[in-house]
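[1] How does the following fold in three dimensions:
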Amino acid sequence: MIYWELFLAFLIPGILGYGGGPAAIPLVQVEVVDRYGWMTNPEFSEMVAAANALPGPIATKMAGFVGYDQAGVLGAIVALFASVGPSLLMMIVLLNILWRYKDSPYVKNLTKWVRPVIAVLLVVLTFQFFFDSYEMNGAWITVFLVIGAYILLERVKLHPAVVILLALGFGAVTTYI
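    Residues are numbered from 1 along each chain as shown. Below is the predicted model of the structure:
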């Protein structure tokens, strides 16, 4: 019975949580805290804080944590599948439709319009990150990180994962100084 409850508890936010993780958090809270009573509100808050500290989508991290906490590894698998299942199913259906009509001029025009929108969204996100860093760390550290990342990525040709790890290390060192 616990596996079915886990499946339903994360299927509903997976279907209704349009907008990604932030939209799914209150839906998961209703299921986990209010409906099934698997956690208290403070425990849920701690789980969300810990999940935010780790990389990846927050909904899957919450599903994995709660599933494992309630029913072990199989519970984590069930909750994770329920969390990503609706999106996975829709992607498969939509990709089949896209593949079927890939030579259509409408589909080709659609991709022409989608690419610039994605580029603009990434530029906006970059500026948001820059200004957040400026507010939290100050001008000198932000400029140092931007220039350092540019040099390491474009001149030295380091892999982006290495640059991210170096930035994390820099942040850890400067936090404790």
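[2] Could you use CA atoms for every contact and neighbour count after this?
    Will do.
[3] so what does the longest helix anywhere in the chain touch, helix or strand wise?
    Longest helix in the chain by number of residues, with DSSP state H as the criterion: helix 58-100. If you count contacts as 3 or more CA pairs under 8 Å, 6 or more residues apart in numbering; DSSP states H and E, helix 58-100 packs onto helix 2-16, helix 21-29, helix 41-53.
[4] redo that, cut-off 6 Å
    Packing partners of helix 58-100 (3 or more CA pairs under 6 Å, 6 or more residues apart in numbering; DSSP states H and E): helix 2-16.
[5] buried residues in stretch 142-162?
    142, 145, 149, 152 (16 or more other CA atoms under 10 Å).
[6] How far does it stretch from one end to the other?
    Counting by CA to CA, to the nearest Å, you get 18 Å between the two ends of stretch 142-162.
[7] What are the contacting residues of that stretch?
    With contacts defined as CA atoms under 6 Å, 6 or more residues apart in numbering, stretch 142-162 is touched by 133-134.
[8] Let me have the buried residues of stretch 142-162 in CSV, adding distance to Pro55 as columns.
    Listed next are the buried residues of stretch 142-162 as CSV, based on distance: CA to CA, whole Å:
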residue, distance to Pro55
Thr142, 21
Leu145, 20
Ala149, 20
Leu152, 22
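[9] next structured bit after the longest helix of the chain?
    Using DSSP states H and E, the helix or strand that follows helix 58-100 towards the C-terminus is helix 105-137.
[10] quick check: mean pLDDT across the next helix or strand after that next one?
    Using DSSP H and E, the next helix or strand after helix 105-137 towards the C-terminus is helix 139-150. Helix 139-150 carries an average pLDDT of 91.
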